[in-house]
Structures are given as structure tokens and as C-alpha cells.
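Novice: Give me the fold of what follows.
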Amino acid sequence: MTIRFTEGDGIPDDVLGFTEDLYKVAVVDLRALIADIRAGQVKDVQKAKSAVRDLFSVGKLLIQERANVETLRKQVAGTVGTGGELDLGAARDEIGRRLACLRDARGD
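Specialist: Numbering: from 1, shown residues only. Model prediction:
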């Protein structure tokens, strides 16, 4: 599933939260099945296999959605492709350039 957002839309944290909730539900179901197996009350082996597959699928979806949210956060912050590093030397040069423009405009 691909969700596309236009500029100005919020970051879809709710999608990530929903996916995490699904993962938690799958974990609870799997733990209950494991407890039944340990107690010797194996009711349905196919149900256990299905729960494991569901947990795996939801886990992959969770990882994918976290990556999507992180990508969107970087796009919103404008740091895509920059590695998130700040060039302090370039920032200092730009500040100096702007101060010089202000001094020139003032006439000093």
C-alpha cells in the first residue's frame, strides 16, 4: 500500500501507530497460542502457523511504514540528500555576507 501526500499535508504518524497496534495484537495472539502449546492444548496447528505468518507480515509492514514516515519527516525538514549535517563554515560565511550587506545599506 502506498500513501501519497501533497505539500502541506501532515506526516502520517497515525498510519505508523495503526501498524504498531496491529503488530501488538498479533504478538498477543501468538503468545496465547504458545501458551496453549506449552499447556498441551494444541487446538489448531494451522491457526498457529497463520499467526506466525501474520506477525511476520505485520512486522515487515511496520518497518516499511517507519521508513516511510522518516522519509517524509526528512522531506518536510528539507534535509533529503544532505545527510542531516550542518555546514557551520558556510553558515558563518552567509551570516558575514548578510552583515556586510546591512553595513553597506546603512552607509557606515
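
Novice: same for the helix or strand hosting Lys74, what does it pack against?
Specialist: Counting by DSSP states H and E, the element that carries Lys74 is helix 45-77. Helix 45-77 makes packing contacts with helix 13-38 when contacts are defined by 3 or more Cβ pairs under 8 Å, 6 or more residues apart in numbering; DSSP states H and E. In this view, the C-beta of every residue, glycine as well, is placed from N, C-alpha and C.

Novice: how far is the helix it packs on from where the chain is centred?
Specialist: Chain-centre distance of helix 13-38: 19 Å, with Cα atoms, centre = their mean, to the nearest Å.

Novice: what packs against it?
Specialist: With 3+ Cβ pairs under 8 Å, 6+ apart as the test, helix 13-38 has helix 45-77 packed against it.

Novice: Name the residues of the helix it packs on that are buried.
Specialist: Using 16 or more other Cβ atoms under 10 Å as the burial criterion, the residues of helix 45-77 that qualify are 48, 51, 54-55, 58, 61-62, 65, 68-69, 72.

Novice: Rebuild these as a markdown table, extending it with pLDDT.
Specialist: Formatted as a markdown table, these follow (pLDDT from 0 to 100):
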| residue | pLDDT |
| --- | --- |
| Ala48 | 74 |
| Ala51 | 75 |
| Asp54 | 79 |
| Leu55 | 77 |
| Val58 | 75 |
| Leu61 | 78 |
| Leu62 | 76 |
| Glu65 | 78 |
| Asn68 | 82 |
| Val69 | 79 |
| Leu72 | 81 |
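
Novice: Thought Asp36 was touching Lys43, still the case?
Specialist: Yes: with contact defined as Cβ atoms under 8 Å, Lys43 counts as touching Asp36 (6.3 Å).

Novice: Looking at those two, which has the bigger crowd around it?
Specialist: More neighbours surround Asp36 than the other of Lys43 and Asp36, with 15 against 9 (other Cβ atoms under 10 Å).

Novice: Put the alpha carbons of stretch 40-57 into PDB.
Specialist: Provided in PDB are the C-alpha atoms of stretch 40-57 (Å, rounded to 0.1, in the frame of the first residue of the first chain):
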ATOM      1  CA  GLY A  40      -0.600 -29.300  25.800                       C
ATOM      2  CA  GLN A  41      -3.800 -27.700  24.500                       C
ATOM      3  CA  VAL A  42      -2.900 -27.600  20.800                       C
ATOM      4  CA  LYS A  43      -6.200 -26.700  19.300                       C
ATOM      5  CA  ASP A  44      -5.200 -25.800  15.800                       C
ATOM      6  CA  VAL A  45      -1.800 -26.000  14.300                       C
ATOM      7  CA  GLN A  46      -2.900 -24.200  11.200                       C
ATOM      8  CA  LYS A  47      -4.000 -21.300  13.400                       C
ATOM      9  CA  ALA A  48      -0.600 -21.100  15.000                       C
ATOM     10  CA  LYS A  49       1.100 -21.100  11.600                       C
ATOM     11  CA  SER A  50      -1.200 -18.400  10.400                       C
ATOM     12  CA  ALA A  51      -0.500 -16.300  13.400                       C
ATOM     13  CA  VAL A  52       3.300 -16.600  12.800                       C
ATOM     14  CA  ARG A  53       2.800 -15.600   9.200                       C
ATOM     15  CA  ASP A  54       0.600 -12.600  10.200                       C
ATOM     16  CA  LEU A  55       3.200 -11.500  12.700                       C
ATOM     17  CA  PHE A  56       5.900 -11.600  10.100                       C
ATOM     18  CA  SER A  57       3.800  -9.700   7.600                       C
END
